[in-house]
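J.: Next comes the sequence, and after it the predicted model I'd like to discuss.
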Amino acid sequence: MSIEVSSLSKRFGSFRALDDISLHIETGELVALLGPSGCGKTTLLRIIAGLEQPDSGRVWFAGEDATDVHVRHRQVGFVFQHYALFKHMTVFENVAFGLRVKHRSQRPAEDVIRRKVTELLQLVQLDWLADRYPSQLSGGQRQRIALARALAVEPRVLLLDEPFGALDAKVRKELRRWLRRLHDDLHVASVFVTHDQEEALEVADRVVLMNAGRIEQVGTPREVWENPATPFVYGFLGDVNQFKGRAAAGTWRDGAFSLPAPDFSGADDAEAVAYVRPHEFDISRYAAGSDGIAVRLNHAYLAGPSAFLELSRQDTGQLIEAQVPEDVFRSLNVTEGEALLARPRNARVFAAPPPQA
Ligand SMILES: Nc1ncnc2c1ncn2[C@@H]1O[C@H](COP(=O)(O)OP(=O)(O)OP(=O)(O)O)[C@@H](O)[C@H]1O
């Protein structure tokens, strides 16, 4: 079932938690809400769920206005970071809970409940734990049971708030791949909140980047990574070097160093910032008269297939982070303190932000 939110806004007192958010999520899509702490991800998820009311704007499920539909009737399945399994109930009873508390007219017969819970436990591959209590499970197992419990009521949409946030890195990785497969089998619309960019880029069909209650960009992981729409997205998705300069007639300049800036073809002298990721530099030995930024190597270390270099500009002293393949670094055969040239292969130029008031 598709989800649509249109022009959602929400304040808490004078604080604007969501500011005019619109988004469409298709059936079968797994969408990540990604952004820094406090940017409004959970608030948006809770409004979609019906746990929170927007001040303005609407929520649509499958083209029907669900804004005023009670959470109990929205048929959403939730999973939260802190797995709220009932401690005094077995795994089996936890998963059965949503079915047992249904109104008598809708409650399935006991044998139907047993069959369904067994199927769900098989789906999350934990049927062998049916008689255990939550305290006897690992964190990852508890999250999978929480997911089975959310699925018991046959949700039309699945909402997950940092579902794997409390788990260690290895279990997180396994569970997110597993979630992806499960989502594909179920063919529902799923939305998950994360502040982990790697998790969002690996698992989601589309990523919604949020900042200060607004959407900065929506796109496939590839689109947002390769073509960040705003300086915020550039900075949030990985490390980036920033160079302040000026743009005119499609070219950006900072001293002798220039870059193409097609977005500024009509500008005559605008303050602009060039963004370059560490792996987007070509590094060579210094040669007078060559194009590029003259730098000195402060420090280098090898990590797996890459060498990470800390460079400082000869003219301004600005620090630059660069990443080059390990074999390229070895063939340069340089030591700390030596002069190099850093040439950006790729860069994006944005207008400089207005000065802070
Ligand atoms: N019930 C509330 N009352 C007052 N302020 C709230 C309430 N709920 C959320 N906020 C505020 O709204 C902002 C957005 O909160 P939200 O939980 O949506 O952020 P988030 O992006 O999910 O953050 P995190 O990654 O830290 O969970 C925060 O500044 C938060 O303090």
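T.: Perfect, I can see it now.

J.: so how far does stretch 313-320 reach from one end to the other?
T.: End-to-end distance of stretch 313-320 (CA to CA, to the nearest Å): 7 Å.

J.: Please apply the same query to stretch 259-279.
T.: Stretch 259-279: ends 17 Å apart by CA to CA.

J.: what do you get for stretch 60-73?
T.: Start-to-end, stretch 60-73 (CA to CA) is 13 Å.

J.: Show me the domain layout of the protein.
T.: 1-234, 238-349 (the TED database).

J.: Figure out which of the ones you listed is closest to the ligand.
T.: Set against the ligand and scored by CB to the nearest ligand atom, these come closest in domain 1-234, at 3.1 Å. Placement of C-beta: from N, CA and C, glycine included.

J.: Quick one: mean pLDDT for that closest one?
T.: Average pLDDT, domain 1-234: 89.

J.: and Arg345, how many neighbours does it have?
T.: 10 (other CB atoms under 10 Å).

J.: so who does the nearest residue to it once chain neighbours are set aside touch?
T.: Excluding the flanking residues, the one nearest Arg345 by CB to CB, 6 or more residues apart in numbering is Glu280, at 5.2 Å. By CB atoms under 8 Å, 6 or more residues apart in numbering, the residues touching Glu280 are 344-347.

J.: circling back to that earlier point, please identify the most buried of the domains of the chain.
T.: domain 1-234 (a mean of 18; mean count of other CB atoms under 10 Å).

J.: Could you work out the end-to-end span of that domain for me?
T.: With CA to CA, one end of domain 1-234 sits 32 Å from the other.

J.: Then stretch 179-199?
T.: Across stretch 179-199, first to last residue, CA to CA, it's 11 Å.

J.: So Gln81 versus Gly213, what's the distance?
T.: For Gln81, the distance to Gly213 equals 21 Å [CB to CB, to the nearest Å].

J.: Now the element after the top helix by length along the chain, going C-ward?
T.: Across the chain, the helix with the greatest residue count (assigned by DSSP state H) is helix 169-186. On the C-terminal side of helix 169-186, the closest following helix or strand by DSSP states H and E is strand 189-194.

J.: Tell me if the helix or strand following that following strand is near the ligand.
T.: Helices and strands here follow DSSP H and E; after strand 189-194, the next one along the chain is helix 197-203. No: Helix 197-203 stays clear of the ligand (CB under 6 Å from any ligand atom), getting no nearer than 12.4 Å.

J.: which strands and helices sit next to the longest helix of the chain?
T.: Where contact means 3 or more CB pairs under 8 Å, 6 or more residues apart in numbering; DSSP states H and E, helix 169-186 is packed against strand 30-34, helix 139-151, strand 157-161, helix 197-203.

J.: now do 6 Å
T.: helix 197-203 (3 or more CB pairs under 6 Å, 6 or more residues apart in numbering; DSSP states H and E).

J.: Residues contacting the helix it packs on, please?
T.: Helix 197-203 is contacted from outside by 32, 34, 176, 180, 194, 207, 221, 237, using CB atoms under 6 Å, 6 or more residues apart in numbering.

J.: How far does stretch 57-75 stretch from one end to the other?
T.: 20 Å.

J.: And for that stretch, what's in contact with it?
T.: Everything outside stretch 57-75 that qualifies as a contact, by CB under 6 Å, 6+ apart, is 1-2, 4-9, 48, 50-51, 155-156.

J.: and with 8 Å instead?
T.: Contact with stretch 57-75 is made by 1-9, 20-22, 47-51, 53-54, 153-157, as judged by CB under 8 Å, 6+ apart.

J.: Give me the subset of these lying in helices.
T.: 47-49.

J.: can the residues you listed go into JSON lines with extra columns for distance to Pro262?
T.: Formatted as JSON lines, the ones in helices among the contacts of stretch 57-75 follow (distance: CB to CB, whole Å):
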{"residue": "Ile47", "distance to Pro262": "39"}
{"residue": "Ile48", "distance to Pro262": "38"}
{"residue": "Ala49", "distance to Pro262": "43"}
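
J.: which one of those residues is nearest Pro353?
T.: Ile47 (29.4 Å; CB to CB).

J.: who's in contact with that closest one?
T.: Counted by CB under 8 Å, 6+ apart, Ile47 has contacts 5, 8, 10, 18, 53-54, 59.

J.: With Ile145 instead?
T.: Neighbouring residues of Ile145 by CB under 8 Å, 6+ apart: 83, 85, 91, 94-95, 124, 126, 129, 134, 137.

J.: Give me the distance between it and Leu158.
T.: Where Leu158 is concerned, Ile145 sits at a distance of 15 Å (CB to CB).
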